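In: Return atomic coordinates for the entry below.
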Amino acid sequence: MKKRTLALCLLGLYGTAVYAVPAPVTDVTTGSNGQRLDEIERLLKTRTEAQHRQQEQLDIVQNEVNELRGAIEVQNYQLEKILERQRELYLEIDKRMESVMAAPSTQYAATENTTPLIEPVEMSGNESEAYDKAVNLILKEKLYDQAIPEFKAFLQRFPNSSYVPNARYWLGQLLFNKQDWAGAGEQFQSLVSNYPDSSKRADALLKLGITEMERSNIARAKQLWEQVVREFPDSSSAKLAAKRIANL
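Out: You can find the predicted model right below:
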């Protein structure tokens, strides 16, 4: 009986010892898993650096775009000022022309004979300043007779200027207002022949036709007005030309 009890006690001790042995632990940071983690970290670092470089490039491009946008805004402002000045000039000249055309020819002739001769004023500065000077004689100072020699001097001094088409148109308009049909026709013809892309081509054709009509060249006038209608069917010049054709 004592032996049996002793055997059971020993068995219980051995069983407890067996169950008390700890389970083995595996190191997940070693071997292939560790290498994969290192590779992921390396890729993340490379991607982060690439993103930083891309952001720097985007910042540079954005700055350049902002500079270009600023330059374009300045140019647009300057262009708008030029166009505004031209619109004012168009209105002033058209009003002047309407008043002259509405006056009796005998009255105009009497006025023309009493007009004092104005000597051309020598210009200074570059072509833009010279052109502005001639234009301001019309817009600001209302010195229409003095503007004529200024525009003539401008055309002689700067024959290749980008302002030549406008200068010829306004010189033709000034001469037109003075009923100098030959002089006005010469300027309008030069514009029509040499500057087909001018924004004043339609109006120049219309008024060239009027100068021909005033010199009794009816067939030529009709031909020019038909050309206005054909080339610029939706323009106000075409409407005026169509009325003149209908009145022939």
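
In: show me where pLDDT drops low in this structure?
Out: Counting by pLDDT under 70, the ranges of the chain that qualify are 1-31, 59, 62-64, 66-71, 73-125.

In: mind redoing it with 90?
Out: Applying pLDDT under 90 to the chain flags residues 1-129, 137-143, 248.

In: residue ranges for the helices of it, please.
Out: In the chain, the helices defined using DSSP state H lie at 2-19, 32-102, 105-113, 127-139, 144-157, 164-177, 181-194, 201-214, 218-231, 236-246.

In: The last one versus helix 218-231: what angle between them?
Out: What that stands for is helix 236-246. With axes from the mean of the first three to the mean of the last three Cα atoms, to 10 degrees as the basis, helix 236-246 and helix 218-231 are set at 140 degrees to each other.

In: hmm, who's touching helix 236-246?
Out: Helix 236-246 is contacted from outside by 202-203, 205-206, 209-210, 213, 221-222, 224-226, 228-229, 232, using Cβ atoms under 8 Å, 6 or more residues apart in numbering. (Glycine included, C-beta is placed from N, CA and C.)

In: just those now: which is nearest Ser32?
Out: If you rank these by distance to Ser32 using Cβ to Cβ, Phe232 comes first, at 81.1 Å.

In: Next one: the closest one from Leu191, what distance?
Out: Using Cβ to Cβ, to the nearest Å, Phe232 is found at 14 Å from Leu191.

In: Same drill for those two, tell me which one is more crowded.
Out: Counted by other Cβ atoms under 10 Å, Phe232 and Leu191 do not tie: Leu191 has more neighbours, with 25 against 18.

In: Does that one touch Ser199 like I think?
Out: No: with contact defined as Cβ atoms under 8 Å, Leu191 does not count as touching Ser199 (10.6 Å).

In: coming back round to it: ok, the contacts of helix 236-246 vs Val135, which is closest?
Out: Using Cβ to Cβ, Asp203 is the member of these that lies nearest Val135, at 17.0 Å.

In: what number of residues lie near the closest one?
Out: As a burial measure, Asp203 scores 23 neighbours (other Cβ under 10 Å).

In: Next up, the contacts around it.
Out: Asp203 neighbours (Cβ under 8 Å, 6+ apart): Tyr169, Ser237.

In: what does Gly172 give?
Out: Going by Cβ under 8 Å, 6+ apart, Gly172 touches Gly183, Ala184, Gly185, Glu186, Gln187, Phe188, Leu191, Ala204, Lys207.
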